[in-house]
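>>> Need coordinates for the following:
(one chain, ligands or ions: 1)
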Amino acid sequence: MIKDDWKEKLSCATHCYRCDQKLDPKDPRILSVYDHQAICTICKKEEEKRSDYEEVSKRTIGQCMVDTELQYGDPQGFCYHHFYPYKC
Ligand SMILES: [Zn+2]
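Here you go, the predicted model:
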């Protein structure tokens, strides 16, 4: 359940979930709209090229706001970090 574990997922992934590149705490990472995993910004660019990206990201963000009861623009929010890189 997203609502229960998103803070944990956001915290400090040590590797990109997609390409397994090591992530330093100071390296920016961002959440995948496909599986909510922390990925590196290079993988995010690849993800954005997928033909269904726009559709999936809209659906994800809608569901995300329902699940977390946070507003999209909340800078502390789980949903926000699908579109804006963060550091841990
Ligand atoms: Zn990566």
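>>> residues from the protein in reach of the ion?
Within the chain, the positions lying close to the ion (CB under 5 Å from the ion) are 16, 18-19, 21, 40, 43. Glycine gets a C-beta too; all of them are placed from N, C-alpha and C.
>>> Give the residue spans of the chain that score low on pLDDT.
Along the chain, the parts satisfying pLDDT under 70 run over 1-11, 70-77.
>>> And the top helix by length along it, how far out from the chain middle?
Scanning the chain for the helix with the most residues, using DSSP state H, yields helix 53-68. Centre-to-centre, helix 53-68 and its host chain are 11 Å apart (CA atoms, centre = their mean, to the nearest Å).
>>> again, but for stretch 81-88
Using CA atoms, centre = their mean, the offset of stretch 81-88 from its chain centre is 6 Å.
>>> Return the set of residues that bridge with the residue nearest to the spatial centre of the chain.
Nearest to the mean C-alpha position of the chain, counting by CA atoms, centre = their mean, stands Leu31 at 1.4 Å. Assessed by DSSP bridges, Leu31 has beta-bridge partners Ala38.
>>> my guess is it meets Thr41, correct?
No. Taking contacts as CB atoms under 8 Å, Leu31 lies outside contact range of Thr41: 11.4 Å.
>>> element containing the residue of the chain most remote from its centre, please.
Distance to the chain centre peaks in the chain at Ser51, reaching 18.3 Å (criterion: CA atoms, centre = their mean). Assigned by DSSP states H and E, Ser51 belongs to no helix or strand.
>>> can you tell me how far Leu31 sits from Ile61?
Leu31 sits 11 Å away from Ile61 when distances are taken as CB to CB, to the nearest Å.
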